[in-house]
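> just the structure for this:
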Amino acid sequence: MTTRRHRNAETASGKIIRWILITIALIFLALFLITPLVAVFAQALDKGWAGYWEAIREPDTLAAIRLTLIAAAFAVPLNTLFGIAAAWSITKFDFRGKNLLLTVLDLPFAVSPVISGLIFVLIFGAQGWFGPWLSEHDIQIIFAVPGIVLATIFVTVPFVARELIPHMQAQGREEEEAALVLGASGLQTFFRVTLPNVRWSLLAGVILCTARAMGEFGAVSVVSGHIRGETNTIPLQVEILYQGFNYVAAFAVASLLTFLGLATLIIKKFVEWKTLET
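Numbering: from 1, shown residues only. So this is what the prediction gives:
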């Protein structure tokens, strides 16, 4: 009888602890995630839909959207190709320098984006290593679109590879080896065996890479020069609008990135679900 009461007491205390933890988690989510999201959309629509669309259609904002899409259009395909090559090499082959490649792959995670932007200034700036040569040939990288593209590529390098590597490791090498034994070439093996097996992980990596490319602030801020209508991406445009006390327009433009983040989360969850199915 005493043992049963002791078990019931433990069960009751366990339920209390569980509900306390759940309550704390919900309060935390409400304060630090849900409330800011609601505040963004509330401020963006403070002057109604007319004011919202007017802020989005402003010429500098449209230029920022175009530049963001251009940077992502370069960064995502290049990092997708690199991520596939790196993940395939790391998981399917043994070679010297494999651990070094894995370490370098995480460099953008370890280095502050601001530092990476300063590195590009050091290399391509007017007083940088290649600055005089670039000036002589009338080529501008820093404070121009090429610098923004380079910075975006750097900060988004790991995403595709890091999504693919665990899945490729779990797949093993047996299917590829069987295809090679049956006479398939390396490219045939890749396109007919390897790639179909990791298609959902690849899509997840591309989605994350796209979201990171469009939302990057630190590195792009350093190399952009903040030239209105020319070198401002969406995050930089939000900063300029907010510093200019144009709060409704700032939150309207910020809502675009918020939509992107929410869409990324939903799509990623769907992709993860499909990955578990396969």
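> how many neighbours does G205 have?
By the measure other CB atoms under 10 Å, the count of residues near G205 is 29. Backbone N, C-alpha and C define where each C-beta goes, glycine included.
> tell me which element it falls in.
When secondary structure is defined using DSSP states H and E, the element that contains G205 is helix 199-215.
> show me what that helix packs onto, helices and strands only.
Contacts of helix 199-215 with other secondary structure elements, assessed using 3 or more CB pairs under 8 Å, 6 or more residues apart in numbering; DSSP states H and E, are made with helix 59-92, helix 145-155, helix 158-171, helix 234-243, helix 247-277.
> in stretch 151-168, what's buried?
If you call a residue buried by 16 or more other CB atoms under 10 Å, then stretch 151-168 has these buried ones: 151-165, 167-168.
> off-centre distance for it?
Computed by CA atoms, centre = their mean, to the nearest Å, the chain-centroid distance of stretch 151-168 equals 9 Å.
> average pLDDT for that stretch, rounded please.
Averaged across stretch 151-168, the pLDDT comes to 92.
> please apply the same query to stretch 171-180.
77.
> name the residues that touch it?
Where contact means CB atoms under 8 Å, 6 or more residues apart in numbering, the residues beyond stretch 171-180 that reach it are T91, K92, G186, Q188, T189, R192, V193, T194, N197, V198.
> quick check on those: which are buried?
Buried residues within these, counting neighbours by 16+ other CB under 10 Å: T91, K92, T189, V193, T194, N197, V198.
> for those residues, which one is nearest T35?
Proximity of the buried ones among the contacts of stretch 171-180 to T35 was ranked by CB to CB; the top entry is V198 with 37.8 Å.
> wait, doesn't that closest one sit right on H167?
Yes: assessed by CB atoms under 8 Å, V198 is found in contact with H167 at 5.1 Å.
> give me the pLDDT value at the residue nearest to A184 when sequence neighbours are not counted.
Counting by CB to CB, 6 or more residues apart in numbering, the nearest residue to A184 once its immediate chain neighbours are dropped is R192, at 7.1 Å. Listed pLDDT for R192 reads 81.
> likewise R7?
Looking at R7, its pLDDT stands at 55.
> try I84
pLDDT for I84: 92.
> L134 and F154, how far apart?
18 Å (CB to CB, to the nearest Å).
> I meant K269, not that one.
28 Å.
> cool, and I16?
For I16 relative to F154 (CB to CB), the value is 49 Å.
> same thing with F109?
When CB to CB is applied, the distance between F109 and F154 equals 11 Å.
> ditto for Q43
In this structure, Q43 and F154 are 32 Å apart, going by CB to CB.
> before we move on, what about S201?
Distance of S201 to F154, given as CB to CB: 22 Å.
> what's the answer for L265, then?
The spacing between L265 and F154, counted by CB to CB, is 24 Å.
> nearest to K98, of the helices and strands packed on helix 199-215?
When the helices and strands packed on helix 199-215 are compared by CB to CB, helix 59-92 sits nearest K98, at 6.1 Å.
> now the two most distant members of the contacts of stretch 171-180.
The farthest-apart pair in these, when distances are taken by CB to CB, is T91 and Q188, at 18.3 Å.
> before we move on, the earlier item: between the buried ones among the contacts of stretch 171-180, which is nearest L31?
Looking at the buried ones among the contacts of stretch 171-180 and their distance to L31, the nearest is V198, at 38.1 Å (CB to CB).
> and the gap between that closest one and P77?
Taking CB to CB, one finds V198 at 17 Å from P77.
> for F28, same thing?
For F28, the distance to P77 under the criterion CB to CB works out to 38 Å.
> same thing with L202?
From L202 to P77 the distance is 12 Å (CB to CB).
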